[in-house]
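Peer 1: Pasting the sequence and the predicted coordinates here, then a few questions.
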Amino acid sequence: MSTQEFTLDDLRRILLEGAGADEGVDLDGDILDVRFEALGYESLALLETGSRIEREYGIVLDEDLLTDADTPRALIAAVNEHLAAVPRAA
Amino acid sequence: MTTSVVVTGLGITAPNGLGTQDYWAATRTGKNGIGRVTRFDSSSYPATLAGEVPGFAAEELLPSRLLPQTDRMTRLALVAADWALADAGVDPENLAEYDMGVVTASSSGGFEFGQNELQKLWSQGSQYVSAYQSFAWFYAVNSGQISIRSGLKGPSGVIVSDEAGGLDALAQGRRLIRKGTRMIVSGGVDASICPWGWVAQLTAKRLSTSDEPSRAFLPFDADASGYVPGEGGAILIMESAESARERGARVYGEVAGYGATFDAAPGSDREPALRKAVEFALADAGIAPEDVDVVFADAAGVPELDRVEAQALVEVFGERGVPVTAPKTMTGRLYSGAGPLDVATALLAIEEGLIPPTVNVHPAEEYGLDLVVDQPRTAEVRTALVVARGYGGFNSAVVVRAAA
Amino acid sequence: MTGRRVVITGIEVLAPGGVGVDNFWNLLSEGRTATRGITFFDPSPFRSRVAAEIDFDPQAHGLSPQEIRRMDRAAQFAVVAARGAVADSGIDLTAYDPYRVGVTIGSAVGATMGLDEEYNVVSDGGRLHLVDHEYAVPHLYNYLVPSSFTAEVAWAVGAQGPSTVVSTGCTSGIDSVGHAVDLVREGSVDVMIAGSSDAPISPITMACFDAIKATTPRHDDPEHASRPFDGTRNGFVLGEGAAVLVLEELESAKKRGAHIYAEIAGYATRSNAYHMTGLRPDGKEMAEAIRVALDEARMNPTEIDYINAHGSGTKQNDRHETAAFKRSLGDHAYRTPVSSIKSMVGHSLGAIGSIEIAASALAMENHVVPPTANLHTPDPECDLDYVPLVAREQLTDAVLTVGSGFGGFQSAMVLARPERSVA
């Protein structure tokens, strides 16, 4: 049984698919601690991102997570916590 | 005295031309934009042709943030609105906060987006439905997205009356300007060329089943057998004549008259109400039938509807009493986009002094129309009447004329 | 220029728990709620499983089998409400030039219910992308275009004047009536049959609001799930319904001895140009709509006796409009009862605006302000007088009703007594 890891690259990919990227924001740059708002993602984009993560990784995120985790680092950590708690069946 | 309302900007996305220049170059010479459906495989359906907007690269024209949340018709509308504002030389940032609003028409909303989400719902489950579904498909989406993109906080609205709705939206734009708003972005852009939209359109039993682009949509022809649906439309910048004068804007023409009626229930012995709509529009413009230089017909392409329209025009203008044209024979019927596109075309016709042709049609003698066919006709055009009808009995007519 | 003034002379409402004006008003004035666990389909896969459903039998309301077959549920609501409103007004429409009688019906989501059901069939449960036209119902085009709602109403009442559907999301119900008022004022018509209808309680609608967590997940207590202005509110409860009004020019209504419920004295709409679903907390654009509506009515903020709020019960909405009331009415906002009938009948999207106009007119008729049900826990950000739980008797001569919709639309309408002195 192995746990999957959710990485910054995974998050970048899902953000791009579900919400695109703001002009003038370099998602490939050092964004780990930049607030989502500053990256151009508002509540709707984060809800779409959250549900894509839930579907792809088979987890259910806490209702308030998307408002509380306001940077990529915080969101990635929270997702990984879920992945560790609920290891996927082999 | 009521405020005169003029058009100062055009944004066109049409099956035979993207952008006003391309569109007019194609339309004045009769270039057909109808072809086989490319957006899905139409071969299993009775109707296989459509007017699709060619070469529209949304990703080059709109920010990527907008793409996951927009249907094709919204992307077309956003770009058309950008072009119309640029054409009018209007930067909304320089206007007072509530000086400009948006009134668009819609016919069936973002139907392709809706199909994709319905497919996810029923095949995968509710948690697969997009966070954008709550608005991306609904009828208000184009007004909302245009207002947000351009920062327009004035009075806005959304009109739905099938293919008549585009003219009704322009009339509502004029009404809001007369109530005191300086400028309105108005018009309509529609698209539902997706399997689900196709099947829904088929049930009206008015789509042409011909597979020849030059034979499929033949309004006022003895061989008329239905219409070809299309996508696209036009967004117009409307403002008070005074506002246009103050800022030295180029004026395409005035939206001078409007009339709208509704047909009595099927089976009623009351006459078709289209003639009344035309008469109301002329009266509203304060003109007589002989002042009209050209009519842009609704041109349903369905024999009984063509007959009703021809009869109304003959009753108002006399037999062969006015040149009539249907450039939509080059684009297909664009639903809420049709009326605004015809108004834009009429304004371009006024500007050049040239009536664009109706293509592929051999007019049936019995209709008694002076249909401008095959070749454009040079003429002094100062006043044009545009007619549009929506499924169920909506009749609307708009008079546009050269700026005073 | 003192133009033509427009009054309401007929009302019919189809609301959850209140089909017909009397039942509707009894529900509101008794503070009862009509929200319940969804019965229309199995709600178990959904985050939100509560709705305000109408127990509606179209045949009992006089619709023929073929009318039922060709109309989506929302179109059926609209036709039944239109016939009821015309009957209530006592107007003989055959005495009017049919070209001077028009129809506007508001709807946010059109024939969503019919489209959802029929899509499932033609796609064979979502399996076919190239959906099968052989399985399409004959009147699917009527579902494709919500303009069919207005067509059906126009046929039902014999109207042949300017007619349309107004679809501005959740402000459709106010904007539809506002549009009709403008047509009467400008003299294009003598009578408008105006209202709105939506029947959105279907899997696709529940799914799309689940995806943005806009509807409440409070399914353990459905009767108390809609909690506008309450500190524990966590989303709206989807509803359905329709209301249709008969609107006439004041002098002509007087001449025929019509019962006049209220004048629609002012109306305005503005956009926030901000976000398709989000609201800035300051309520600025709604405040501007209120200001302009009052201006059109030539009334001062202090003349408003009651505010019929949008009050959807989402965190952001209730805060947003509370700010808007303070911004537009100043101190008078604190002295004016504000309530949300969505606490009782849910949020029927495009329909609710006209239902709320009807409720506002009935509040004037009865001099009773309907309450906000389920309001127990104060919220520091919502600090006005929201008339908790119990209706209030008070002189009510002027009402402000507002709406806020996806797309950024903010609309406001002022109802007043026509006999008030107009400056």
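Peer 2: That came through fine. Numbers count the residues shown, from 1 in each chain, chains lettered A, B, ... in the order given.
Peer 1: isn't C:Glu223 right up against C:Thr35?
Peer 2: Yes: judged on CB atoms under 8 Å, C:Glu223 makes contact with C:Thr35 at a distance of 6.1 Å. Quick note: C-beta positions are derived from backbone N, CA and C, even for glycine.
Peer 1: of these two, who's got more company?
Peer 2: The neighbour count for C:Glu223 versus C:Thr35, taken as other CB atoms under 10 Å in any protein chain shown, is higher for C:Thr35 (28 against 14).
Peer 1: quick one: the more buried one and C:Lys342 touch, right?
Peer 2: No: with contact defined as CB under 8 Å, C:Thr35 and C:Lys342 do not form a contacting pair (9.5 Å).
Peer 1: Mutual contacts of these two, please.
Peer 2: Listed as contacting both C:Thr35 and C:Lys342 by CB atoms under 8 Å, 6 or more residues apart in numbering or on different chains are C:Ser226, C:Val237, C:Gly239.
Peer 1: what's the burial count for the second one?
Peer 2: Spelled out, that is C:Val237. Counted with other CB under 10 Å, the neighbours of C:Val237 add up to 31.
Peer 1: those helices in chain A, which residues are they?
Peer 2: A:8-19, A:43-57, A:65-68, A:72-85 (DSSP state H).
Peer 1: residues in contact with the longest one?
Peer 2: I take that to be helix A:43-57. By CB under 8 Å, 6+ apart, the list of residues contacting helix A:43-57 reads A:4, A:6, A:11, A:14-15, A:17-19, A:36, A:41, A:59-61, A:65-67, A:79, A:82-83, A:88, B:65, B:68-69, B:127-128, B:130-132, C:211-213, C:275-278.
Peer 1: Report the buried members of those.
Peer 2: With neighbours counted by 16 or more other CB atoms under 10 Å in any protein chain shown, those contain buried members at A:4, A:6, A:11, A:14-15, A:18-19, A:36, A:41, A:59, A:61, A:65-66, A:79, A:82-83, B:65, B:68-69, B:127-128, B:130-132, C:211-213, C:275-277.
Peer 1: Show only the entries of the shared contacts of C:Thr35 and C:Lys342 found in helices.
Peer 2: Reading helices off the shared contacts of C:Thr35 and C:Lys342, I find no matches (DSSP H).
Peer 1: Dump those residues to JSON lines, plus distance to B:Ile177 and pLDDT.
Peer 2: As requested, the shared contacts of C:Thr35 and C:Lys342 are exported to JSON lines (distance: CB to CB, whole Å; pLDDT from 0 to 100):
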{"residue": "C:Ser226", "distance to B:Ile177": "39", "pLDDT": "98"}
{"residue": "C:Val237", "distance to B:Ile177": "39", "pLDDT": "98"}
{"residue": "C:Gly239", "distance to B:Ile177": "36", "pLDDT": "98"}
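Peer 1: Which of the residues you listed lies at the shortest distance from B:Tyr227?
Peer 2: C:Gly239 (38.4 Å; CB to CB).
Peer 1: Verify the stated contact: the closest one with C:Lys342.
Peer 2: Yes: using CB under 8 Å, C:Gly239 is in contact with C:Lys342, at 7.4 Å.
Peer 1: Tell me where the stretch 51-200 of chain B has strands.
Peer 2: B:100-105, B:157-160, B:183-190 (DSSP state E, counting those that start in this stretch).
Peer 1: Any chance of JSON lines for those strands, columns mean neighbour count, mean pLDDT and distance to B:Leu18?
Peer 2: Shown next, in JSON lines, are the strands of the stretch 51-200 of chain B (neighbours: other CB atoms under 10 Å in any protein chain shown; pLDDT from 0 to 100; distance: least, CB to CB, whole Å):
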{"stretch": "strand B:100-105", "mean neighbour count": "33", "mean pLDDT": "98", "distance to B:Leu18": "19"}
{"stretch": "strand B:157-160", "mean neighbour count": "33", "mean pLDDT": "98", "distance to B:Leu18": "24"}
{"stretch": "strand B:183-190", "mean neighbour count": "34", "mean pLDDT": "98", "distance to B:Leu18": "12"}
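Peer 1: closest to C:Leu400 out of those?
Peer 2: strand B:157-160 (20.4 Å).
Peer 1: what packs against the closest one?
Peer 2: strand B:100-105, helix B:141-150, helix B:165-178, strand C:163-166 (3 or more CB pairs under 8 Å, 6 or more residues apart in numbering or on different chains; DSSP states H and E).
Peer 1: and the following helix or strand past the last one, is it in reach of chain B?
Peer 2: Secondary structure here is assigned by DSSP states H and E; on that basis, the next helix or strand after strand C:163-166 toward the C-terminus is helix C:172-186. Yes: contact of helix C:172-186 with chain B (CB under 8 Å from any CB of the partner chain) involves C:Ser172, C:Asp175, C:His179, C:Asp182, C:Glu186.
Peer 1: Now helix C:172-186 - C-alpha only, PDB.
Peer 2: In PDB, the C-alpha atoms belonging to helix C:172-186 read as follows (Å, rounded to 0.1, in the frame of the first residue of the first chain):
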ATOM      1  CA  SER C 172     -35.500  38.100 -13.400                       C
ATOM      2  CA  GLY C 173     -38.700  38.400 -11.400                       C
ATOM      3  CA  ILE C 174     -38.100  42.100 -10.500                       C
ATOM      4  CA  ASP C 175     -36.700  43.000 -13.900                       C
ATOM      5  CA  SER C 176     -39.500  41.300 -15.800                       C
ATOM      6  CA  VAL C 177     -42.100  43.400 -13.900                       C
ATOM      7  CA  GLY C 178     -39.800  46.500 -14.200                       C
ATOM      8  CA  HIS C 179     -39.700  46.000 -17.900                       C
ATOM      9  CA  ALA C 180     -43.400  45.700 -18.100                       C
ATOM     10  CA  VAL C 181     -43.800  48.900 -16.000                       C
ATOM     11  CA  ASP C 182     -41.600  50.800 -18.500                       C
ATOM     12  CA  LEU C 183     -43.800  49.600 -21.400                       C
ATOM     13  CA  VAL C 184     -47.000  50.800 -19.800                       C
ATOM     14  CA  ARG C 185     -45.400  54.100 -18.800                       C
ATOM     15  CA  GLU C 186     -44.000  54.900 -22.200                       C
END
